[in-house]
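Participant: what shape does this take:
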Amino acid sequence: IKVRLRRPRSESRFLPYESVLGTMLHELVHNVRGPHDSVFYKLLEELRGECEELMARGVSGSGSGFEGPSAGRLGAHSFIPTHNPPQQQMRSTVLKAAEERAKRQ
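Facilitator: Numbering: from 1, shown residues only. Below you'll find the model as predicted:
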């Protein structure tokens, strides 16, 4: 998913947070439902409501970015990967993932 963070033709001005968040939620719903139909908009409203509820309770991200361990990923069958492993671990991480895929085939 690509989300524009800055205003067109302006590298110094960011879009409002609410606009970026709304676009992200919209695009996330497309992972479940492609067409812009009533099912899509119902799910979008549910997701917005859940997001607003969490924000109102003060729930937010950990601040660790993508450096922390993953809580899982779509299609994960065994080990839980680290998003950005240190360079020295990259080769073994990729090799282990390839071996796991080969076992499943």
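Participant: can you tell me the element the residue sitting nearest the centre point of the chain falls in?
Facilitator: Taking Cα atoms, centre = their mean, the centroid of the chain lies closest to L28, which sits 7.7 Å from it. Per DSSP states H and E, L28 falls inside helix 17-29.
Participant: that older thread, tell me the spacing between the residue nearest to the centre of the chain and H36.
Facilitator: 14 Å (Cβ to Cβ, to the nearest Å). Placement of C-beta: from N, CA and C, glycine included.
Participant: return the helix or strand in this structure with minimum mean pLDDT.
Facilitator: Taking mean pLDDT, DSSP states H and E as the measure, helix 87-104 is the helix or strand of the chain with the lowest mean score, a mean of 76.
Participant: what number of residues lie near M55?
Facilitator: By other Cβ atoms under 10 Å, the residues close to M55 number 11.
Participant: quick one on the thing from earlier: and the helix holding L28, what's buried?
Facilitator: Residues 21, 23, 25-26, 29 are the ones in helix 17-29 that count as buried (16 or more other Cβ atoms under 10 Å).
Participant: who's in contact with L15?
Facilitator: 4-7 (Cβ atoms under 8 Å, 6 or more residues apart in numbering).
Participant: scratch that, M24 is what I was asking about
Facilitator: 1, 3.
Participant: the same query, at a cut-off of 7 Å, please.
Facilitator: V3 (Cβ atoms under 7 Å, 6 or more residues apart in numbering).
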